[in-house]
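S.K.: need a 3D model of the following:
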Amino acid sequence: MSEAERQARITDALSMFGFLWQHVRPSVDVGRGKGWRTAISGDKGSPDLLAVHPERGQLLLIEVKADKGRLTAEQQAWGTALRAALNQQGSLSPGYWVCDSDESERALIALISGGRVR
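M.R.: Predicted structure coming up:
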């Protein structure tokens with residue numbers, strides 16, 4: 001599954017179950033194969049999605065990857081720092097998630113749904 005397909009499924013679930021969420025998309029094509037640039041200051045590698053549930057007080061920071069996608073060094077650094085700040089172990093805990101497989105996507109959507117989807 002592509003990253004875009006997985007992210008669309010996750011954002012659909014976030015909206016369906018009452019989360020407020022944000023994704024910053026690349027915004028400027030610099031052309032000639034040089035890629036996209038996003039007008040944001042700070043360190044590279046921050047998670048793709050920021051989501052909060054206003055009633056549950058639940059915060060999710062989600063890095064989305066295609067089935068064969070790999071974390072960059074910058075994304076790994078963000079994950080390590082976020083887990084430490086949130087006092088968590090591993091990537092499948094209720095704050096910082098790396099969603100890189102069908103299994104991790106199902107587990108994340110179950111969390112998003114409040115356990116109403118398995």
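S.K.: against residue 65, how distant is residue 102?
M.R.: Remark: distance between residue 102 and residue 65 (Cβ to Cβ, to the nearest Å) = 12 Å. (Glycine included, C-beta is placed from N, CA and C.)
S.K.: the two - which one has more neighbours?
M.R.: The residue with more neighbours, out of residue 102 and residue 65, is residue 65; 20 against 11, by other Cβ atoms under 10 Å.
S.K.: worst-scoring helix or strand of this structure, pLDDT-wise?
M.R.: Every helix and strand of the chain was ranked by mean pLDDT, DSSP states H and E. The lowest is strand 28-29, at a mean of 66.
S.K.: tell me the SS of residue 51?
M.R.: strand (DSSP: H, G, I helix; E, B strand; the rest coil).
S.K.: beta partners of it?
M.R.: Residue 51 forms beta bridges with residue 21, residue 60, as assigned by DSSP bridges.
S.K.: do I have it right that it meets residue 60?
M.R.: Yes - under the criterion of Cβ atoms under 8 Å, residue 51 makes contact with residue 60 at 4.4 Å.
S.K.: now do the shared contacts for these two.
M.R.: Residues touching both residue 51 and residue 60 (Cβ atoms under 8 Å, 6 or more residues apart in numbering) are 19, 112.
S.K.: what sits against the residue nearest to residue 15 when sequence neighbours are not counted?
M.R.: Of all residues not flanking residue 15 in the chain, residue 21 sits nearest, at 7.3 Å (Cβ to Cβ, 6 or more residues apart in numbering). Residue 21 sits next to 11, 14-15, 49-52 when contact means Cβ under 8 Å, 6+ apart.
S.K.: I'd like to know how far the spatially most central residue of the chain sits from residue 10.
M.R.: Centroid-nearest residue in the chain: residue 62, 2.1 Å away (criterion: Cα atoms, centre = their mean). Distance of residue 62 to residue 10, computed by Cβ to Cβ: 7 Å.
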